[in-house]
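Student: Here you go, sequence then predicted model.
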Amino acid sequence: MKKTRTNPRNDRPEPLPRSECFCGGFGPRFTALTAGMCQGPLFDHFRAAGVETLKGFRALLDAQIESLNRGSRRGTKVPVE
């Protein structure tokens, strides 16, 4: 479905102008905004936050694996000669 806007002169919808880029120009603006984040204490803070987020995901996965292992029967060990 195409996005449209209403023309105030005749109240008929007309298509919005298309940009060359899918992001509509947001990409270059976001890059300029975040250019200074790749250095100093701000970067260190975001990196530490990312590490803590990954640790949280690991804890969730470990809990899920443990709950799946509790319900399954394990085989017996047989010595092999």
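Tutor: All right, it came through fine.
Student: Just the CA trace of the helix or strand residue 28 falls within, in PDB.
Tutor: Using DSSP states H and E, residue 28 maps to helix 26-34. The C-alpha trace of helix 26-34 is given here as PDB (Å, rounded to 0.1, in the frame of the first residue of the first chain):
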ATOM      1  CA  PHE A  26      17.900   8.700   8.400                       C
ATOM      2  CA  GLY A  27      21.100   6.700   8.000                       C
ATOM      3  CA  PRO A  28      23.500   9.700   7.400                       C
ATOM      4  CA  ARG A  29      21.900  11.700  10.100                       C
ATOM      5  CA  PHE A  30      22.200   8.800  12.600                       C
ATOM      6  CA  THR A  31      25.800   8.300  11.600                       C
ATOM      7  CA  ALA A  32      26.600  11.900  12.200                       C
ATOM      8  CA  LEU A  33      24.900  11.800  15.600                       C
ATOM      9  CA  THR A  34      26.700   8.700  16.700                       C
END
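Student: And the helices in this structure, which stretches?
Tutor: 26-34, 40-71 (DSSP state H).
Student: Next, count neighbours for residue 39.
Tutor: A count of neighbours around residue 39, defined by other Cβ atoms under 10 Å, yields 9. C-betas here are computed from N, CA, C, even on glycine.
Student: And it, its phi and psi?
Tutor: The phi and psi values for residue 39, taken as degrees, to the nearest 10, are phi -150, psi 160.
Student: State the distance from it to residue 75.
Tutor: 54 Å (Cβ to Cβ, to the nearest Å).
Student: which regions of the protein sit below the pLDDT cut-off?
Tutor: 1-13, 15-19, 72-74 (pLDDT under 70).
Student: Could you rerun that using 90?
Tutor: For the chain, the stretches with pLDDT under 90 are 1-46, 65-81.
Student: buried stuff in the helix holding residue 28?
Tutor: Residues of helix 26-34 classed as buried: none (neighbour count, 16 or more other Cβ atoms under 10 Å).
Student: and it with helix 40-71, angle?
Tutor: Per axes from the mean of the first three to the mean of the last three Cα atoms, to 10 degrees, the angle that helix 26-34 makes with helix 40-71 is 110 degrees.
Student: Right, I'll leave it there.
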